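Undergrad: Below is the structure, and that's it, no one-letter string:
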């Protein structure tokens with residue numbers, strides 16, 4: 001063990017390369033957006049491995065940390081655009097590892113939260129390749145911290161539920177009555193195009209028109225944009241003030257605790 005300048009103990013991270021078994025694949029969370037939210041473990045791996053396979057949500061500031069001599073493979077996915085099939089991504093990771101290369105699979109946010117981590121671990125496990133998961137800060141945590149807003153609170157929400165809005169697409173419908181609770185915080189990922197359906201579904205299931213909802217784009221970045229309203233008026237607010245994708249949707253009374261003055265560069269439209 002060694003200590004940093006503050007005196008806190010830091011576990012020594014094994015060097016990647018000669019000290020690490022060839023063919024190791026690291027599934028690494030790049031965090032919510034801001035480069036300084038990257039974990040120390042993630043940074044060390046980015047500077048030491050042979051190859052990086054990265055997603056669309058990994059920012060340029062983070063990519064700039066990678067030494068120029070490292071191999072890079074872009075496999076980004078975006079709604080409405082051509083994307084690399086998941087099977088091809090898994091095959092690429094396996095091929096690089098079989099070549100004896102240490103590989104970082106770099107994902108926005110946390111790899112275990114809507115990041116298809118399980119699918120990639122299964123492919124690599126079937127190939128008999130060693131893996132490690134390095135967590136990252138997910139967008140929900142980053143947005144809440146930026147605004148000084150707890151995701152759980154004894155007076156507001158005793159539960160937290162993370163939901164993919166993909167359930168609202170292609171004719172699929174979540175159980176709105178199960179989701180329409182006053183004692184929890186709902187966070188929808190990948191749901192910008194389904195704000196109308198989310199607001200309507202929760203209202204039809206019993207939540208009041210004035211129930212708080214917040215949309216946040218560019219989580220943790222200086223250009224973070226936050227739109228605050230209610231289930232009754234959010235579709236109209238979003239039409240008047242469009243936000244870029246990806247966008248996080250937070251539903252629950254904790255939204256009333258958001259301090260929009262904490263983030264000086266944040267563009268906010270208040271209800």
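TA: Right, received. Where do you want to start? Just so it is clear, the structure is predicted and the values come from calculations on it, not from any experiment.
Undergrad: Domain ranges for this structure, per the record?
TA: Split into domains by automatic domain parsing, the chain comes to 13-134, 139-269.
Undergrad: okay, those domains in CSV with mean neighbour count next?
TA: In short, each C-beta sits where N, CA and C put it, glycine included. Output for the domains of the chain, formatted as CSV (neighbours: other Cβ atoms under 10 Å):
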stretch, mean neighbour count
domain 13-134, 17
domain 139-269, 18
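Undergrad: Pipe these into TSV and attach mean pLDDT per row.
TA: Formatted as TSV, these follow (pLDDT from 0 to 100):
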stretch	mean pLDDT
domain 13-134	90
domain 139-269	91
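Undergrad: Quick one: distance of the helix ranked longest in the chain to the chain centre.
TA: If you go by DSSP state H, the chain has its longest helix at helix 86-98. In terms of Cα atoms, centre = their mean, to the nearest Å, the centre of helix 86-98 is set 22 Å apart from its chain centre.
Undergrad: That one: what's the following helix or strand?
TA: Following helix 86-98 in sequence order, the next helix or strand is strand 103-107 (DSSP states H and E).
Undergrad: What is that next one packed up against?
TA: Under the contact definition 3 or more Cβ pairs under 8 Å, 6 or more residues apart in numbering; DSSP states H and E, strand 103-107 sits against strand 25-29, helix 40-48, strand 51-54, helix 86-98.
Undergrad: can these go into JSON lines with extra columns for distance to residue 221?
TA: As requested, the helices and strands packed on strand 103-107 are exported to JSON lines (distance: least, Cβ to Cβ, whole Å):
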{"stretch": "strand 25-29", "distance to residue 221": "16"}
{"stretch": "helix 40-48", "distance to residue 221": "18"}
{"stretch": "strand 51-54", "distance to residue 221": "17"}
{"stretch": "helix 86-98", "distance to residue 221": "25"}
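Undergrad: Residue 146 is nearest to which of those?
TA: Comparison of the helices and strands packed on strand 103-107 against residue 146 by Cβ to Cβ identifies strand 25-29 as nearest, at 17.7 Å.
Undergrad: tell me what the closest one is packed against?
TA: Using 3+ Cβ pairs under 8 Å, 6+ apart as the contact criterion, the elements in contact with strand 25-29 are helix 40-48, helix 86-98, strand 103-107, helix 117-126, strand 131-134.
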